[in-house]
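> predicted model and sequence below, questions to follow.
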Amino acid sequence: MKPVRLPAAATHALPRWGLAAMCLLYILPGIIRRDPWKTDDAAGFGIMWTMAHGSLADWLVPNIVGLPMPGEAPLTYWIGALLIRLFGGIAGDALAARLSILVFFALGAAAVWRTAFVLGRRGEAQPLKLAFGGQPAALDYGRTLGDGALLIYVACLGLLLRSHETAAPALVVALVATAFYAAAALFDKPGTRPAAGLGVALGLLALAGHWLLPAVLLLAFAGLAALHFRHLLLRLLAVTLPATLLIPAGWLLAREALVAADGPGDWLAASLQQVTAPTAGSLRELGKTLVWFAWPAWPIALWAVWAWRAQPMLHVLMPAAGVVLLGVLAMFVPGLKITVLLALLPPLAVLATFGLPTLKRGAINAIDWFSVMTLTAIAAFIWLGWIAKQTGWPAQLAKNAFKLAPGFQPEFSGFAFLLAMAGTAGWILLLQWRLGRRPPVLWRAVVLSTGGLVLCWLLLMTLWLPWLNYSQSYAPVAAKIAAALPSSYRCVQTDGVGPAQRASFAYLGAVKFARDDDSRCDFLLVQDTGLRKKGGQLRAVEGQLTLLWQGRRASDRHEFFRLYRRDGR
């Protein structure tokens, strides 16, 4: 017997304006008024920026001002580079590249909603008919499940930072969601067109990241078809598989033919090199990461599997198959752990939304109170930290904040303050509505988790953005390196300089880096890391060199940079 028994009142859809406002408040903060940060954000922007201002070779072979990035596929950076070419002259290259974040998030959010909607409107997913009628209509039930899946997806902690970076994982998670939507459409209404659509989604996923992900997803869908939907297996093999292979093959062939690059070996090997046997330590670390990374989706998803155990249908089997195989992949590729865990979130959110109709009141209350207590406390701390930086009280908190960012000068923005106040007021109203009225709708169990997370991110990206930008940006170091260089020089060779640092110095300081390790450069920039560790030493450099400048970011005692001039040139 189906575990779901609901009245029509439980399927009132979340107001469309409310859903849109929540998504905009989630994704817009942090896009403007910041430099590329010391993460994959700066490295990803560096590839986009190099493409936008480079040649055909830069578009086909991802690199950061000459630094090869052999494990990177180009689709993410093509989109960012195109946006730079279109809007860079108006908004600036950094902001234009971050517009790609909006595109990726919109694609992923829409795909998650549509997947839950398509699976939720199927007959086997519908609630039991009530004795005197009043059960929800199939479309209303599907829409409500779509709203719940989107709320759970946005509430996942692991998605928060990665969805705001100009890097491949932001597009990878969106394309994984798109692949599940295409698969749901295919399994719901079999045909050649949805089979081809699934192949295109998986092919684009390969072109955005590592080929292991689409391979595992195709295996999951084929295994599900072989066990329960055998009539689809032929379409998957005859239509989906060729379409999946054709898209990345076109890029690899064009790269080899047009820019005389190596064959597909380096890109294929980059993924295979990440595969290793799991150890007890890596599995323990993976489990610890997954607990917070996929919260609050994973406990609700586990409950969904348990609740539907007597009648496991497509709406449970499809996302569960993806979660299981992606989880296995995460065990064997610790170097790609974060990317694979991100790929877990769309199917996990879809699976979890089918647990919402069966959650007991006690579980719903527990999730609500955990969200209220935890997220309200975090929001209060963000406010208190901002007050400390502005006024010096509480003294110890202010001391710690300035210790982490020496030299930081607090600034007050009236617009940011008003946004933070409006967001806080909205959170209070949401609490009053949810805890006071206790609405019977399905998505009530996760609306506070989502709203609280959106509030915390909004506060960080308004009140704390100047402090975070100062702590994470290389702008001061780039300015000092640029000032130490003459107005005219050939190029700067590097030793140990990472992708994020190279991208930041090239963009923020207009440093002309060597391409193809040109040894004829007039200058050498060296980066040392790990100096805080016991016995850490500066790396040795050879040749007749004159030290022109040395320094680091004020907030980072781990990195150290030295700029040399080569004598006799």
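Alright, I've got the coordinates. Numbers count the residues shown, from 1 in each chain.

> what about the longest helix in the chain?
In the chain, with assignment by DSSP state H, the single longest helix is helix 361-391.

> after the helix or strand containing Leu448 comes which helix or strand?
Secondary structure assignment for Leu448, by DSSP states H and E: helix 444-462. As assigned by DSSP H and E, the chain's next helix or strand after helix 444-462 is helix 465-472.

> rounded mean pLDDT for that next one, please.
Helix 465-472 carries an average pLDDT of 92.

> what element comes up after it heading to the C-terminus?
Following helix 465-472 in sequence order, the next helix or strand is helix 475-484 (DSSP H and E).

> tell me which residues of the helix or strand following that following helix come out buried.
Per DSSP H and E, helix 475-484 leads on to strand 492-495 as the next helix or strand towards the C-terminus. By neighbour count on 16 or more other C-beta atoms under 10 Å, the buried set for strand 492-495 is Val492, Gln493, Thr494. No exception for glycine: its C-beta is placed from N, CA and C like everyone else's.

> tell me what strand 492-495 is packed against?
strand 523-528 (3 or more C-beta pairs under 8 Å, 6 or more residues apart in numbering; DSSP states H and E).

> what's the distance between the helix or strand of the chain with the lowest mean pLDDT and the middle of its chain?
The helix or strand of the chain with the lowest confidence, counting by mean pLDDT, DSSP states H and E, is helix 265-272 at a mean of 76. Remark: helix 265-272 is offset 22 Å from the chain centroid, using C-alpha atoms, centre = their mean, to the nearest Å.

> can you name every helix or strand that the next helix-or-strand element following that helix contacts?
Once the chain leaves helix 265-272, the next helix or strand it forms, by DSSP H and E, is helix 280-293. If you count contacts as 3+ C-beta pairs under 8 Å, 6+ apart, helix 280-293 packs onto helix 157-162, helix 314-332, helix 337-353.

> pull the number of nearby residues for Leu545.
16 (other C-beta atoms under 10 Å).

> so it touches Arg565, yeah?
Yes - the criterion here is C-beta atoms under 8 Å, and Leu545 meets it with Arg565 at 6.9 Å.

> tell me the pLDDT at Ala215?
Ala215 carries a pLDDT value of 95.

> for it, give its distance to Trp113.
Going from Ala215 to Trp113 by C-beta to C-beta, to the nearest Å gives 26 Å.

> returning to what we had before: what's the average pLDDT for the longest helix of the chain?
For helix 361-391, the mean per-residue pLDDT is 92.

> now do the helices in the stretch 51-200 of the chain.
Remark: helices assigned in the stretch 51-200 of the chain by DSSP state H, counting those that start in this stretch are 56-60, 75-91, 93-120, 138-155, 157-162, 168-188, 192-208.

> doesn't Leu236 make contact with Leu218?
Yes - the pair Leu218 / Leu236 is scored as a contact, 7.4 Å apart, by C-beta under 8 Å.

> burial of Gly287, as a residue count?
Neighbours of Gly287 under the rule other C-beta under 10 Å: 10.

> ok, it - contacts?
Gly287 makes no contacts at all, as judged by C-beta atoms under 8 Å, 6 or more residues apart in numbering.

> please tell me how far it sits from Ala330.
Going from Gly287 to Ala330 by C-beta to C-beta gives 10 Å.

> swap in Leu157?
Counting by C-beta to C-beta, the gap from Leu157 to Ala330 is 16 Å.

> tell me which of these two has more neighbours.
Neighbour tally, Leu157 and Ala330, criterion other C-beta under 10 Å: the higher count belongs to Ala330, 23 against 16.

> which residue is the nearest non-sequential neighbour of the more buried one?
Spatially, and ignoring its direct neighbours in sequence, Ala330 is nearest to Val340 (4.2 Å; C-beta to C-beta, 6 or more residues apart in numbering).
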